[in-house]
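Chemist: Dropping the sequence and predicted coords here.
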Amino acid sequence: MIVKPPKWPLLFLRWYCREDYLEEIEGNLTELFYRQQNMPSKARALFLYNVLKHFRPAFIKSVNIKSPYNYKAMLRNYFKTSFRNLVRNKSYAFINIAGLATGIAVCMMIFIIIQFQTSYDTFHTNKARTYRVLTQYHHTDAATTTYAQTVPYAMPVALKTSFPQVEDVTPVYASHNDELLVPGDDGTIVKQFKEARGLFYTTPSFFNIFSYPLLAGSYAALKEPNTVLLTKETAEKYFGNWQYAMGKTLKLQSGGFMFDHSTDVLKVSGILAAIPANTDFQMKLVVSINTSYIGYMMANNASWDETTPDFGCYLMLPQNTNEAGINQQLSAFAKKVQSPTNKDSYIIQPLADVHYDTETGNYSNKAISHQLLNVLWLIAAFILAIACVNFVNLSTAQAVNRSKEVGVRKVLGSNKFQLQLQFIVETFLIVTIAVILAAGITILALPYINQLLELSISFSILSSPAIIVFLFAVTGAVTVLAGFYPSIVLSRFSPITALKGKLAAGTVKGISLRRGLVVFQFIIAQALIIGTLVIVKQMDYFINQPLGFDKNAVVNVPFRIDSVRLSKMEYIKQQLLLMNGVQAVSFNSNTPVEDANDMWSTFKYNHATKEEDFKAITKFADNEYVPAYKLALVAGRNLKPSKMTKEFLINESLMKGLGITNPNEILNKQISIWSDNIKCPVVGVLKDFNDRSLRNKPAPLLITTNNTMYNQATIKLGTTNIAATMQSIKTLWEQTFPDFVYEYRFLDDKIDSFYKQENQLAQLYKIFAGIAIFLSCLGLYGLASFMAVQRVKEVGIRKVLGATTTNIVYLFTREFILLITIAFIIAAPIAWYYMHQWLQYYVYRINIGWWVFAAGGLAAIVIALATISYQAIKAARANPVKSLRSE
Amino acid sequence: MKHHSLGEFEELVLLSVAALHDEAYGVSIQDSLVQKLSKNINISAVHVALKRLEDKGFVKSRFGGITEDRGGRRKKYYVITAIGKQVLDSQYELRTSLYNMIPKIQFGQ
């Protein structure tokens, strides 16, 4: 017979078909095939067709292979032997479990942080169609565009009237440093509270867009001026009981940029349920936007050329509206309403991006970039990898000790798969213990994380489904990652060599793999050390870099200017100057350097008809400001004492912005701001100092007098007896302004706070670098101790033949030093590249010097040597008689 | 077997097994059905029906000798069992009795 049934369909049939039917089916199909052998192609096609037609449950082999082994009993045995093995090798078990638990705990904490961060403002029903309006600033140097969440007062109304497709709009003004006076039953003030943040002015539309449930009252009440909604916590804090608070009144002395310093009476018209921790609107009080100065500005300020800090706008679009279309319309609209020199524009930003926009920021100052979240992920993965590597290293090194067990099991009939299963079970047991420990560590560490990163993650997140899934996933992943390779190595032993005891450390394969893994660990650890050093160095630079003014022993005491306090300014100043430790006193609106609280103004220079195309920071300060802060003048003179606005000081940046190089040229020229409301001559040019954080270059600056604009007293203290002086200042303040909460802030503390994010990053890196090096050394210690045991005879013989302790220690450490050096050679360029990239974000930055790398590498080697040397010296000092006596 | 149910195709296969007595195996059953019904029937359908009939105990099987045109595989012969025959009989009776109940209807031309 020449023609034969096609090979592949036949093999397929034999592969899937049940044994008890194969005979019949194959026979019949073959018979049918030969019937048509005159037409081979048709016959083959029919055969294939028939094979496929038989591929049905009735004829397919049962999937569960009936095995002759008793798996259940064996699994129980695996658990038992694994447990005994752990108990027998306590130090080995400890190193493994501690390493894995630390790694998993770090991973878990990072997961919790990321979970929390990505949950921000995701609970709003309309989150997908909610947007924030951003002002797009076009600067003189044209290359950069920056964004801010501040918008002109006219924006919310314009969006409502001129953009029919916008479904709802709400203005939001976040006030600062407000003081709340709570009257008792007889109408006299009984309690005073200062709220640094959390007082928001808005409209009922805010609650149409965002989902914050109400316990009592109504959102609509906010339409009326002088109404307030309190959150449950605030109501309880002020009135003791939130039910009781409804309908009561309280008095508000607003802080921040409120230039009208009246006291407003607010009626409690509603109680909001507790505000979740994961929202960027951390509200305590919500006041009707028609109230007070802000209400007046909303109604009367139609200018499109100025913005007020913290006045923003949110809107809601109907489903599936084209964002780009709105942006185009906004840009066209801006051109129409703004003055011709104003090149600013507006765009909308989805709510989902707000929490991650670190450049623009938000009302909670808790923005976190996607980049940082990714770095955290990466670090979590690396730390977990280091922990797994430890496990793999130790298990494969330990393999020699298990060789007899493997041999016996093989002889008694275990196959490779069963042995692998045994070691996977063992790994699983270790990983499970580690995961439980890690969960415990995380619970203990959570308060510290919250404190360090200023988060408010509650323990309840630990029972969220995502965390449970994460724990199972980690257990599974680590078991596979850490257990797979050792199980293969262990199950591979030939039973004869294993039982003869001929396996020695050197003959176990995987030595080069272990070396590779050690190198990998130290690459990560050293890169993290170098990165940490760079960040810490940059932080030092931020804190210690001279800023061009005196920031030492300068304290600022905020206060509100109203007619009463205005009259007491002179008195306060005299009293302060009488104190022993006070060197100078100045009243002003801002410190020389601010992070985000500056007022920016457009201005006209020298009777020009058009405004200049860049803005200048505008600070109000009396004539004592320049000497108190030791600001340097390059031309002209300081301001003369005045209650009104009469003269301007400018800085070099402003002068250069105007294209002038000789400072004397600009003296006595006129500058006008605020739509020609203020017109004064320039009397002095200040040498540039850092009037913004060191992330940016100095900005153009105007300083002028006007005592209604001052909101803080700057007190320059002597270097001695600061505590006593502060106490007298406090007493003076409380006596003079009894209805005011006394606060103070040292300037250097304030400057430090500008770099809070960098500082947190530095703290995080320190922790991560510490953990990475700890884990790496844990692994190293395990390996060294194991090697010491394995080579005990070799050491004995060497000593008998005349080796000194130094020789032996050298023998042990040589290899590890080589490995760490290789790791350093790889880690250094990687770390340099990433840290160089990171530094590019800052205008003022350090150079990464060679010493950073030297320090990083040296630290790793020293720590590693310290780890190994204990074992190495112990081995080297052992008496050779003991190790050689028995064979 | 709990249920003595019998599908239409199964009944045809069972009848064929009974008719082909001692010569009934997959291909011969298929051949006879193709011939009687004058339509194409796939061998897999026959195999499935035979498997079900055997599971229900209506047929039993034995292996025959090796023949060359089957690639060295033996034939699996099926014969009807006593229960199988009973089922066929009762089916036949049921149908006949039902048929006899049909009144003499004259269909118009």
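Modeler: Done, it's in.
Chemist: pull the CA atoms of stretch B:64-77 into PDB?
Modeler: The C-alpha atoms that make up stretch B:64-77 are tabulated as PDB, following Å, rounded to 0.1, in the frame of the first residue of the first chain:
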ATOM      1  CA  GLY B  64     -12.500  -8.900  16.100                       C
ATOM      2  CA  GLY B  65      -9.300 -10.000  14.400                       C
ATOM      3  CA  ILE B  66      -6.700  -7.600  12.900                       C
ATOM      4  CA  THR B  67      -7.300  -6.800   9.200                       C
ATOM      5  CA  GLU B  68      -4.800  -5.200   7.000                       C
ATOM      6  CA  ASP B  69      -6.900  -2.400   5.600                       C
ATOM      7  CA  ARG B  70      -7.400  -1.000   9.100                       C
ATOM      8  CA  GLY B  71      -3.700  -0.100   9.800                       C
ATOM      9  CA  GLY B  72      -3.400  -2.900  12.300                       C
ATOM     10  CA  ARG B  73      -6.400  -1.900  14.300                       C
ATOM     11  CA  ARG B  74      -9.000  -4.400  15.300                       C
ATOM     12  CA  LYS B  75     -12.700  -4.100  14.400                       C
ATOM     13  CA  LYS B  76     -15.100  -3.500  17.300                       C
ATOM     14  CA  TYR B  77     -18.200  -5.500  16.700                       C
END
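Chemist: Can you mark which positions in that stretch are buried?
Modeler: By neighbour count on 16 or more other C-beta atoms under 10 Å in any protein chain shown, the buried set for stretch B:64-77 is B:70-71, B:73-77. From N, CA and C alone the C-beta is placed, and that goes for glycine too.
Chemist: Tell me the gap between it and the middle of its chain.
Modeler: Relative to the chain's own centre, stretch B:64-77 is displaced by 21 Å; criterion: C-alpha atoms, centre = their mean, to the nearest Å.
Chemist: Tell me the backbone dihedrals of the residue of chain B found nearest chain A, please.
Modeler: Residue of chain B nearest chain A, by C-beta to the nearest C-beta: B:R73 (3.2 Å). For B:R73, the backbone dihedrals (degrees, to the nearest 10) come out as phi -100, psi 150.
Chemist: Name the nearest residue to it, ignoring sequence neighbours.
Modeler: Leaving out its chain neighbours, the residue that sits closest to B:R73 by C-beta to C-beta, 6 or more residues apart in numbering or on different chains is A:G27, at 3.2 Å.
Chemist: Mind giving me the packing neighbours of the helix or strand harbouring that neighbour?
Modeler: Applying DSSP states H and E as the criterion places A:G27 in helix A:19-35. Judged by 3 or more C-beta pairs under 8 Å, 6 or more residues apart in numbering or on different chains; DSSP states H and E, helix A:19-35 is in contact with helix A:7-16, helix A:40-53, helix B:26-37, helix B:43-56, strand B:74-80.
Chemist: residue contacts, A:N96?
Modeler: Contact analysis of A:N96 by C-beta atoms under 8 Å, 6 or more residues apart in numbering or on different chains lists A:390-391, A:394-395, A:430, A:434, A:782.
Chemist: 10 Å - rerun?
Modeler: A:86, A:89, A:387, A:390-391, A:394-395, A:398, A:427, A:430-431, A:433-434, A:482, A:778-779, A:782 (C-beta atoms under 10 Å, 6 or more residues apart in numbering or on different chains).
Chemist: Please apply the same query to A:S653.
Modeler: A:614, A:616-617, A:686, A:688-689, A:691, A:697-701.
Chemist: A:Y147 versus the residue of chain B closest to chain A, what's the distance?
Modeler: 79 Å (C-beta to C-beta, to the nearest Å).
Chemist: now do A:S456
Modeler: A:S456 is 27 Å from A:Y147, by C-beta to C-beta.
Chemist: more crowded one of these two?
Modeler: The neighbour comparison of A:S456 against A:Y147 (other C-beta atoms under 10 Å in any protein chain shown) goes to A:Y147, with 16 against 12.
Chemist: Okay, and that one sits in which element?
Modeler: Here A:Y147 is assigned to strand A:145-148, by DSSP H and E.
Chemist: what's the neighbour count on A:D676?
Modeler: 9.
Chemist: next one: the one 3 residues further on
Modeler: Applying other C-beta under 10 Å, we find 15 other residues in the vicinity of A:K679.
Chemist: Send me the host helix or strand of it as CSV with only the CA atoms.
Modeler: Using DSSP H and E, A:K679 sits within strand A:678-686. C-alpha atoms of strand A:678-686 as CSV (Å, rounded to 0.1, in the frame of the first residue of the first chain):
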residue,chain,number,x,y,z
ILE,A,678,-0.5,103.5,41.6
LYS,A,679,2.1,105.7,39.9
CYS,A,680,5.5,106.3,41.6
PRO,A,681,9.1,106.9,40.7
VAL,A,682,11.8,104.3,41.1
VAL,A,683,14.1,105.5,43.9
GLY,A,684,16.4,102.5,44.3
VAL,A,685,17.6,99.3,42.5
LEU,A,686,18.2,96.3,44.7
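Chemist: what pLDDT, on average, does that strand get?
Modeler: Averaged across strand A:678-686, pLDDT comes to 89.
Chemist: name the helices or strands packed onto that strand?
Modeler: Applying 3 or more C-beta pairs under 10 Å, 6 or more residues apart in numbering or on different chains; DSSP states H and E, we find strand A:678-686 packed against strand A:603-605, strand A:633-636, strand A:648-651, helix A:652-657, helix A:663-666, strand A:670-673, strand A:701-704.
Chemist: ok, 7 Å please
Modeler: Contact analysis of strand A:678-686 by 3 or more C-beta pairs under 7 Å, 6 or more residues apart in numbering or on different chains; DSSP states H and E lists strand A:633-636, strand A:648-651, helix A:663-666, strand A:670-673 as its packing neighbours.
Chemist: Reformat the ones you listed into CSV and put mean pLDDT, mean neighbour count and distance to A:Q349 next to each item.
Modeler: Compiled in CSV, these are given as follows (pLDDT from 0 to 100; neighbours: other C-beta atoms under 10 Å in any protein chain shown; distance: least, C-beta to C-beta, whole Å):
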stretch, mean pLDDT, mean neighbour count, distance to A:Q349
strand A:633-636, 87, 17, 41
strand A:648-651, 90, 28, 32
helix A:663-666, 86, 16, 39
strand A:670-673, 86, 20, 30
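Chemist: show me where pLDDT drops low in the chain?
Modeler: Going with chain A. A:1-2, A:63-70, A:139-144, A:255-262, A:501-511, A:561-565, A:886-887 (pLDDT under 70).
Chemist: could you do chain B instead?
Modeler: B:1-4, B:108-109.
Chemist: Kindly recompute the last result at 80.
Modeler: B:1-4, B:65-69, B:71, B:104-109 (pLDDT under 80).
Chemist: which residues touch whichever residue of the stretch 1-150 of chain A sits closest to chain B?
Modeler: Proximity to chain B, evaluated over the stretch 1-150 of chain A using C-beta to the nearest C-beta, is greatest for A:G27 at 3.2 Å. Taking C-beta atoms under 7 Å, 6 or more residues apart in numbering or on different chains, we find A:G27 in contact with B:70, B:73-75.
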